[in-house]
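Student: Fold the following.
(chains A and B)
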Amino acid sequence: ELKVEQNPLFLSMQEGKNYTIYCNYSTTSDRLYWYRQDPGKSLESLFVLLSNGAVKQEGRLMASLDTKARLSTLHITAAVHDLSATYFCAVDANYGGSQGNLIFGKGTKLSVKP
Amino acid sequence: NAGVMQNPRHLVRRRGQEARLRCSPMKGHSHVYWYRQLPEEGLKFMVYLQKENIIDESGMPKERFSAEFPKEGPSILRIQQVVRGDSAAYFCASSSNRALGLTGELFFGEGSRLTVL
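Tutor: Residues are numbered from 1 along each chain as shown, chains lettered A, B, ... in the order given. Predicted coordinates:
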C-alpha cells in the first residue's frame, strides 16, 4: 500500500527565513504533485514532478524529486506572510499511467510571522 | 473558462437524512473524481467516474455512499442516512484526456462542507 508522509506537519517561520518541507513515499511512483490550500478553499496546483531529478521553481518556492530515494522537497526561500497556507504533496497511485487516484500526505501547515 | 463548480458549498444535515453533493467539471473535462477531507487530514480518494461509467470506486465506503455522472448534468455524490462521521469536506476534481495522459494533473473545486448534527 502506497503511503505518503510529510514533515513537518506544522511549521512556524519568520519572514525572510528559508525552510524545507519533506515528502517521503513508500512505493514506486512516477508522478508527484504539490498543492497549496488556504483555509476553507480549494487546492491550488503548484508543481507537477514527473521524472527523477526534476526541479521546478515558482517565485519563492522550489520543488524537487528524487525517485530513487522516494523523496520530494519543497523549499521556501525568504518567506513572506502570503505563503501562509497548508501545503500537500500527493503521489499517483498508478505507476506507468495516471488514473487520477492520488495519495495525499497529511499536509504541512505553514505560518509565516513578521 | 470556469473552473470545477461544486454545490452546495455548505450543507447541514441531521443524522439519518440524505446528502446530495453536485459537481460540474471544467469545460472539456470528461474525468471526474471525488475526494474526502477530514479535519486536519489530507484528501482521500473515493471514486473516479467518466460519463455514465464508474471507473474506480475503490475508495468508496461499501454502504450508504453512491456516485454517478450521467450523460447530461453534473456528477452527484449521494450519502444516505448520514452519520456524524460523514462530516467532512468533499472535493470534486476533474481532468481531461490530455492532462491525464501528459501529467495526471487534477483540477479541484472549492469543496462542499457537510456537517451532520
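Student: per-residue pLDDT, the closest residue to chain A within chain B?
Tutor: In chain B, the residue that lies nearest chain A is B:Gly104 (2.8 Å; CB to the nearest CB). For glycine as for every other residue, the C-beta is placed from the backbone atoms N, C-alpha and C. On pLDDT, B:Gly104 comes in at 82.
Student: tally of neighbours for residue 48?
Tutor: By default, I'm working from chain A. 19 (other CB atoms under 10 Å in any protein chain shown).
Student: The chain in question should be chain B.
Tutor: Neighbours around B:Tyr48, by other CB under 10 Å: 23.
Student: The helix or strand where it lies near chain A at all?
Tutor: Element membership for B:Tyr48 (DSSP states H and E) is strand B:43-50. Yes - using CB under 8 Å from any CB of the partner chain, strand B:43-50 reaches chain A at B:Leu43, B:Lys44, B:Phe45, B:Tyr48.
Student: Spell out which residues sit in contact with the residue nearest to A:Val4 when sequence neighbours are not counted, please.
Tutor: Of all residues not flanking A:Val4 in the chain, A:Gly105 sits nearest, at 4.3 Å (CB to CB, 6 or more residues apart in numbering or on different chains). Residues near A:Gly105 by CB atoms under 8 Å, 6 or more residues apart in numbering or on different chains: A:Val4, A:Glu5, A:Gln6, A:Cys23, A:Phe88, A:Cys89, A:Ala90, B:Gly42.
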